[in-house]
Every structure is written in structure tokens, then in C-alpha cells.
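K.L.:
I'd like to go over a predicted model; first the sequence, then the structure.
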Amino acid sequence: MVQAKNVKIGDIVVIALCTLLILVCLLPILNILARSLSSSEALIRNEVTLIPKDLNFNAYKMILEDAKYTWSLTWTAILTVICVCLSLFMTIICAYPLTYKKLKGRKIISTFIVFTMYFSAGTIPMYLLLGDLNMLNKPIVLIVPYSLNVFYMIIMRSFLQQIPESLRESAEIDGAGPIRTLFSIYLPLSTPVIATLCLFYAVGRWNGFSDALMYMNDRFYYPIQLLLYNIIRSISDIEITTQEGFSPPGLTESLKAATIMFATIPILIIYPGLQKYFITGVTLGAIKE
Amino acid sequence: MKSTGLLTVPSKKRKFSDYMHRYGTLYLLLALPVIYFIIFKYIPMTYIQIAFKKYNIFKTPWEMPFADKNGFEYFIKAFANRDFLYALRNTLMLNLLDLIIGFPAPILLAILLNELKIRWFKRFTQTVAYMPHFLSWVIIAGLALQLLAPTTGLVNIVLNNLGFESVPFLNKSENWVMTYIFLGIWQSIGWNTIIYLAAISGINPELYEAAELDGAGRIRKIIHVTLPSIRPTIIILLILSLGRILGSEFDRPYALTNPLVLDVSNVIATFVYTYGIRGLQFALTTAVGLFQSVVCVIFLLSANYISKKFGESGII
């Protein structure tokens, strides 16, 4: 009797804690969404919490009419597609050969690659190298230097290694070379890991801003996050001065919220559908070599 | 192909050409990634010598003359630099707090999620908890600035309505540190449960049944079955975290900082950015970067060594 009651209380506590977690994760986004849809007057009067006041789409309209935002969003989307394609290509051609156990030099090449995960030259040597390669301030600097991620390569390799070798051998008996085996057997079986890495690389590029901050001076090529950073920063510095008596223009408030929503929505739409894939991906990354 | 290899005794040359015939393409595939690693990971390592040299924009690192004090001039200068010492202290402080508060958090959440028996609710909780991981630090900073603003932020409005005074979460040093740590947990707690949940799902159900027969309740099952079973996972992730104790993220402090809290928000990565890329002091900042990389490797190897010494699995 006591046991049964204990179990029930325990279940309620678990559910309550999980609900709290859900609220803590969702409320900030809902608040920003409400702000982006509210009128500037309501925002200034601090009336907006989770439900938009004086519902309107002015902020979104202004963003869509402003060439600076639309171009930055388009450019970041183009950049993301190019980066994902290049990175996936590099990851596959790096991971696939390393799954051949008979390949001579496999261990040495693996060590050569994994070493870079534990020891890196640092920010400034990379910056100077990119300067010497004449890549600074050119769009290529946002694409090539970080196109291959060792950790993601290991995830890819772990996944490919799980495919039974008998499949490869039977293809080889049919006379298929490594490339044909890759296309006819490995890639068709690799949808989960390819989807996962697509997501990881895409999120990395879409969310990244430090490389642009350091290597890109040309505002035309600023990715959305850097543009967003500058907007948030310039407004937040105003906010700090408001403590000394200035008042912030209300529309910039809802504009800022709308910009945040624009940069967030693409990812929020994509990731839940890929959940079962990226869970496999993350778990694979934890497998020890 | 195979049958001829079995019938005739192949010469060494023949063996090699057979081998290249079968595997040559693989080396061709590997060529591009290897070139990538040489150019973008190994050639920068040759630039590390700048840390020991007098920087000159017109010369290659090999041609630059050595710096004073046997080449250690810039290391000495770094440790005499107030900003760097602050950055070093802040890096250690923020990472230690992340480790103490942030490391156990996903373990507790994974155990909590595992106790959740309603399947759809568990799945929903997981999906929502993964979401912050997909937000960039710029966006999180934007959210935080709006939600935590002293007068207009939702959190302070709620606090005011409950009769408390407003808290300047981001504009006072001590508060900023705790906000930084909390936002870090907020962003990563859900995501980091994935590995622990995978480890928990691998536990043999018979262990729980046996514990139940012994009369163990929910809490005792967690302590005596769940936790010991995921200990290897915990240890490996702990080693990796210890290896990062002097490593520093750039995006998180850079996005969250503001002029009022620079005394606690300036970490090594932001120091290198301001002094190196903005301030063009390349030798000094390369020295700082090298110091950081070496300390990171030492920490990682020591944690790995200690863990093996205690009979746990290591990572290397």
C-alpha cells in the first residue's frame, strides 16, 4: 500500500520536473515570437508576455522589404547549401577508405587526422595562414577552411564500419571497385548518418559567426548571424544607456525580435523531423575506436 | 582475379600491382582530405614559431629573427599583461563552474527522462529539450537580452509582480557569471542527455528486476543499478571535460558580454581576438594560443592517465 503510493508521488514529481523543463525551453521563444508580432507601443508599455498585443506583421514586413536582411538571409542559405555539399563530400571520401581494414597505412593516416582534434595551432596561426593564402575577405574563407570536421568524420566512419563486410566482399566478387561499392552498397545504406551530418554541418554554418567576424571585413558577405549580432549589440548598447535616461525606439524592439525569429525558424522547422537520425549519429560519435 | 592469385605464386612486384589495382583508388580518395589537413591544420602549426620570434609582416615565420630572452619574450610579456591574467582567471573560473554545475545536470536529466513512463510525453520532452542546442549564441544572447533586461524583460516583470526587486542579470559581474553558466546549461542539457540515455537503454532489464526482488524502490534502483551502469560513459565525458578546462569557447562569451562586465567575461579566446586580430599583436597572441593548446593536451593526457590508473577506461 505504502509502496503504491510512493510510486505515484514519484511519477508526479517526474512529470512536474519535465513540464518545468519544457516551459523553461519554450517560453523564451514564445516570448520573442509574441514581441515580434506586437505593436511598438505595447512593447514600450511592457504589456507583452506570451500573447501578442495589437497583433501585426509590420516588423516582418519591414525585414522582407529591407534588402540588407533579405540578401543576408539568401546569402547565408546559399552558403549553407554549398558548405553542406562540400563538407559531406569531404567527409565521405575521408571516412570510406578508412573502413578498409586491409588498407596499408590506415592506422597512420587515422592518427594523422585524429591528432588535429587534440592539438590545434590556434586562432592567430590560422588567421595568418589564411592571409598568406590570400583568402581573407573573400567568400571562399567562409566555405573551405572548416569544411572537414574530424569528429563528424569519425561518426561517418563508425557508421560505415557497422555495414557487414560480407556485403562489400560479394560486390567485389562481382567485380565492383571501391567507388562502385561505395555508390551501390554503402551510400544507399547510409541515409541516417548522411541526414545527421547534413543537419550538423548545416546548423554549424547557419549559426556560425566567429569565422566571418575574424576573416571577413566585406559587409556584403556577412552571414545572417553576424548581421544579427551587430543589430542586437548596437541596440543593447542603447539599452544600457537607457538606464541613464534615454528611451529606446519601440519599433526596433519588435524588429529585433522578428530578426531573431527569421534566423531561428528554418532550424526549428527542420530538426524535429531528423530527431531519430541525429540520436543515432551522436551515439555513434561516442563509440571508442 | 582471385583464382589466378591462388594458382600462381605471385612475385613481390605482382603482389604490389594487385594491391594497388584493388586499393589504389582508396588512396586517391584520401588524397584530398589529407591535403586539406596538411594545409589547414599542419601548416598553421609551423606558424606557431611566431610565438618565439619578432613578428615582421614582410618575412615568412622561418625568416623572422628570434625574440629576446631566448625567444620567450612574449610569454613573459603575456604573463605580465593584466588583461591576459584576467582572461586566464576568467577562463578557469567559468570552465570550473561549467564543470561543477553543468556536468552533472544532463546526467540527472537523463535519469529523470528514463523514469518517465508515458512514451509520447517523454518523446515530446526530449524534442523540446534538444531545441536550444540548435540556436546560435547570437540568438541566445538576443533572447537573454530581451528576457533578462532590467526593466522591460519578462523575467524581471514577473519578479516585480511577485514583489521582488529587479535583478540586473547581465549588467553586474557576479550576476553575469551565473547567467552565463545557466545559459550554458540551458543550451546543452538536453543535447548532452543523448549519450547518457543511449547508455541507460543498454542496461540489462534483469538487473532492475533483481533489484526489485530485493525490495529496492525507485531511488535505490537509480543509485545501485542505473548510475553504476553508466559510469564508464560518465568517466569518458568527464575526461573530455577536464581536457577542456583551459580551452575556451569564443561564441558564447563574445555574444553574451557587454561593456559593464568585461572584468569577468574576457576569456583567452576573446583576449586573442582583441589583441591579435584587432590589435595586430601576433607574436603575443600566438604565444598565448600555444600556452593554451599545450595546457589542454597536458590536462587531457593526465585525466586519461589517472582514469586508467583507477581501472577505468580511457579515451586514448
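P.N.:
Thanks, I have it.
K.L.:
contacts and neighbour counts: CA atoms only from here.
P.N.:
Fine.
K.L.:
what residue in the stretch 51-200 of chain B comes nearest to chain A?
P.N.:
Closest contact between the stretch 51-200 of chain B and chain A, by Cα to the nearest Cα, is at B:Ser136 (4.9 Å).
K.L.:
show me the contacts for that residue.
P.N.:
A:Asn207, A:Gly208, A:Gln225 (Cα atoms under 8 Å, 6 or more residues apart in numbering or on different chains).
K.L.:
just give the nearest non-adjacent residue to the last one, would you?
P.N.:
The spatially closest residue to A:Gln225, leaving aside those adjacent along the chain, is A:Phe209, at 5.6 Å (Cα to Cα, 6 or more residues apart in numbering or on different chains).
K.L.:
quick one, phi psi at the one you found?
P.N.:
Dihedral pair for A:Phe209: phi -140, psi -20, per degrees, to the nearest 10.
K.L.:
one more: A:Ser184?
P.N.:
phi -90, psi -30.
K.L.:
now for it, how many residues are close by?
P.N.:
A:Ser184 has 14 neighbours, counted by other Cα atoms under 10 Å in any protein chain shown.
K.L.:
and it, what pLDDT?
P.N.:
The model reports A:Ser184 with a pLDDT of 90.
K.L.:
before we move on, what about A:Ala4?
P.N.:
52.
K.L.:
now do A:Leu27
P.N.:
91.
K.L.:
and if you look at A:Glu169?
P.N.:
Model confidence at A:Glu169 (pLDDT) stands at 87.
K.L.:
for whichever residue of the stretch 151-289 of chain A sits closest to chain B, give me phi and psi.
P.N.:
Residue nearest to chain B within the stretch 151-289 of chain A: A:Asn207 (4.9 Å; Cα to the nearest Cα). When quoted as degrees, to the nearest 10, the phi and psi of A:Asn207 stand at phi -90, psi -10.
K.L.:
list the contacts of it.
P.N.:
A:Gln225, B:Leu135, B:Ser136, B:Trp137.
K.L.:
ok, now B:Ala255?
P.N.:
A:Tyr229, B:Trp137, B:Val138, B:Ala141.
K.L.:
so which of these belong to helices?
P.N.:
A:Tyr229, B:Trp137, B:Val138, B:Ala141 (DSSP state H).
K.L.:
next helix or strand past the helix or strand A:Leu88 falls within?
P.N.:
Element membership of A:Leu88, judged by DSSP states H and E, is helix A:67-95. Per DSSP H and E, the first helix or strand lying C-terminal to helix A:67-95 is helix A:106-118.
K.L.:
list the contacts of the most centrally placed residue in chain A.
P.N.:
Nearest to the mean C-alpha position of chain A, by Cα atoms, centre = their mean, lies A:Val203 at 1.6 Å. A:Val203 sits next to A:Ile267, B:Phe134 when contact means Cα under 8 Å, 6+ apart.
K.L.:
ok but it is inside a strand, no?
P.N.:
No: using DSSP: H, G, I helix; E, B strand; the rest coil, the secondary structure at A:Val203 is helix, not a strand.
K.L.:
distance of it relative to B:Ser188?
P.N.:
15 Å (Cα to Cα, to the nearest Å).
K.L.:
next one: B:Thr270
P.N.:
21 Å.
K.L.:
and B:Thr226, by the same measure?
P.N.:
Counting by Cα to Cα, the gap from B:Thr226 to B:Ser188 is 22 Å.
K.L.:
likewise for B:Leu29?
P.N.:
36 Å.
K.L.:
please apply the same query to A:Met126.
P.N.:
28 Å.
K.L.:
with B:Phe72 instead?
P.N.:
39 Å.
K.L.:
neighbour-wise, which of the two wins?
P.N.:
Set B:Phe72 next to B:Ser188 and count neighbours by other Cα under 10 Å: B:Ser188 wins out with 20 against 15.
K.L.:
tell me the contacts of that one?
P.N.:
So B:Ser188 contacts B:Tyr130, B:Pro132, B:His133 (Cα under 8 Å, 6+ apart).
K.L.:
run the chain-centre distance for stretch B:170-190.
P.N.:
16 Å (Cα atoms, centre = their mean, to the nearest Å).
K.L.:
now do the buried residues in that stretch.
P.N.:
By neighbour count on 16 or more other Cα atoms under 10 Å in any protein chain shown, the buried set for stretch B:170-190 is B:170-171, B:173, B:176-181, B:183-190.
K.L.:
mind splitting chain B into its structural domains?
P.N.:
Domain assignment of chain B by automatic domain parsing yields the ranges B:2-41, B:83-309.
K.L.:
those domains: which one's closest to A:Pro192?
P.N.:
domain B:83-309 (16.1 Å; Cα to Cα).
K.L.:
same question for the closest one, mean pLDDT?
P.N.:
90.
K.L.:
near chain A, which residues of the stretch 101-250 of chain B?
P.N.:
Within the stretch 101-250 of chain B, the residues that sit near chain A (Cα under 8 Å from any Cα of the partner chain) are B:112-113, B:115-116, B:125, B:127-129, B:131-132, B:134-139, B:142-143, B:145-147, B:152, B:154, B:186, B:194-195, B:198, B:218, B:250.
K.L.:
spell out which parts of the stretch 101-250 of chain A neighbour chain B.
P.N.:
A:103, A:113, A:116, A:118-129, A:145, A:148, A:177-179, A:203, A:207-210, A:214, A:225, A:228-229, A:232, A:236-237.
K.L.:
can you say which of those are buried?
P.N.:
A:103, A:113, A:119-129, A:145, A:148, A:177-179, A:203, A:207-210, A:214, A:225, A:228-229, A:232, A:236.
K.L.:
and the contacts of B:Ala255, which are buried?
P.N.:
Buried, going by 16+ other Cα under 10 Å: A:Tyr229, B:Trp137, B:Val138, B:Ala141, out of those.
K.L.:
quick check: of these, which lies closest to B:Lys59?
P.N.:
Of those, the one sitting nearest to B:Lys59 (Cα to Cα) turns out to be A:Tyr229, at 35.6 Å.
K.L.:
surely that closest one meets B:Leu143?
P.N.:
No: contact criterion Cα atoms under 8 Å: A:Tyr229 and B:Leu143 do not qualify, at 11.8 Å.
K.L.:
just checking, next helix/strand downstream of the helix of greatest length in chain A?
P.N.:
Secondary structure of chain A per DSSP H: the longest helix is helix A:2-36. Using DSSP H and E, the helix or strand that follows helix A:2-36 in sequence is helix A:40-44.
K.L.:
which elements pack onto that next one?
P.N.:
On a contact count with 3 or more Cα pairs under 8 Å, 6 or more residues apart in numbering or on different chains; DSSP states H and E, helix A:40-44 meets helix A:250-270.
K.L.:
could you give the mean pLDDT of the helix it packs on?
P.N.:
Averaged over helix A:250-270, pLDDT sits at 82.
K.L.:
report the angle between it and helix A:67-95.
P.N.:
Inter-element angle recorded for helix A:250-270 and helix A:67-95: 30 degrees (by axes from the mean of the first three to the mean of the last three Cα atoms, to 10 degrees).
K.L.:
dump helix A:250-270 to PDB, restricted to CA.
P.N.:
Taking C-alpha atoms only, helix A:250-270 is exported to PDB below (Å, rounded to 0.1, in the frame of the first residue of the first chain):
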ATOM      1  CA  GLY A 250       9.900  50.900 -29.800                       C
ATOM      2  CA  LEU A 251       9.900  49.500 -33.300                       C
ATOM      3  CA  THR A 252      13.500  48.400 -33.100                       C
ATOM      4  CA  GLU A 253      12.300  46.200 -30.300                       C
ATOM      5  CA  SER A 254       9.900  44.200 -32.400                       C
ATOM      6  CA  LEU A 255      12.300  44.400 -35.300                       C
ATOM      7  CA  LYS A 256      15.000  42.800 -33.300                       C
ATOM      8  CA  ALA A 257      12.500  40.100 -32.100                       C
ATOM      9  CA  ALA A 258      11.500  39.500 -35.700                       C
ATOM     10  CA  THR A 259      15.100  39.200 -36.900                       C
ATOM     11  CA  ILE A 260      15.700  36.600 -34.200                       C
ATOM     12  CA  MET A 261      12.700  34.600 -35.400                       C
ATOM     13  CA  PHE A 262      13.800  34.800 -39.000                       C
ATOM     14  CA  ALA A 263      17.200  33.300 -38.100                       C
ATOM     15  CA  THR A 264      15.700  30.700 -35.900                       C
ATOM     16  CA  ILE A 265      12.700  29.400 -37.800                       C
ATOM     17  CA  PRO A 266      14.500  27.400 -40.500                       C
ATOM     18  CA  ILE A 267      16.300  25.300 -37.900                       C
ATOM     19  CA  LEU A 268      13.200  24.900 -35.700                       C
ATOM     20  CA  ILE A 269      11.300  23.500 -38.600                       C
ATOM     21  CA  ILE A 270      13.900  21.100 -39.700                       C
END
